[in-house]
Each structure stands twice: as structure tokens, then as C-alpha cells.
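In: just coords:
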């Protein structure tokens, strides 16, 4: 699942990000994506202690599925508009 997400996310960023900014955008993305993992691990551990493991898995599933809401905003016409804006 994460391999699929990586392909989609990187492809989208490459389509809509100006060439001169692509390195900075990718590094900022990785900073937030990888940098927040310890916070998620801490939160999962605390929730596991308080609510039990089943609750942690349920909450994780809800959070993961909520990312699908981005599909409402990021559609092909939105991507094309961003590409047009990039080209000027």
C-alpha cells in the first residue's frame, strides 16, 4: 500500500511542481512524512496503553481511510489546472 502511495504522490508532485522547486518540495514532504512518524508511534503507544490494541487499529484504519477524502479535491481537472498555472 505504501509503495502505491509513494508512486502516486511523487508523480503528482512532479506534475504540478515547477522544476526549480522540485527538490525543495520533495525534501519538505519527506521532512513532514518521516519526521512525524515518531509522534505517531508515541500516540499509538499511549492510545494502546489507554484504550487497548483493537482501538489503536480501529483509529489507524479510520485515519488511513480518511486520506481518501483527498480524492474529492485532487481530481484530474485540478491537476491540469495546476499544470497550466505552472507553465504560465
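Out: Perfect, thanks for sending it. It should be emphasised that the depicted structure is a prediction, and the values quoted were computed from it without experimental measurement.

In: what's the domain layout of the protein?
Out: 1-35, 37-88 (automatic domain parsing).

In: now the shortest one: mean pLDDT?
Out: When pLDDT is averaged along domain 1-35, the result is 86.

In: and it, which residues are buried?
Out: For domain 1-35, the neighbour count (16 or more other CB atoms under 10 Å) marks 16, 17 as buried. No exception for glycine: its C-beta is placed from N, CA and C like everyone else's.

In: what about that domain, distance to the chain center?
Out: Distance, stretch centre to chain centre, for domain 1-35: 9 Å (CA atoms, centre = their mean, to the nearest Å).

In: dump the residue contacts of residue 13.
Out: Shown in contact with residue 13 (CB atoms under 8 Å, 6 or more residues apart in numbering): 22, 25, 26, 29.

In: in terms of contact, does the second one touch residue 16 like I think?
Out: The one in question is residue 25. No. In this structure, residue 25 is not within contact of residue 16 by CB atoms under 8 Å, at 9.2 Å.

In: can you give me how far stretch 38-56 is from the chain middle?
Out: For stretch 38-56, the distance to the chain centre is 20 Å (CA atoms, centre = their mean).

In: Quick one: residues in contact with it.
Out: Stretch 38-56 is touched from outside by 59, 60, with contacts defined as CB under 8 Å, 6+ apart.
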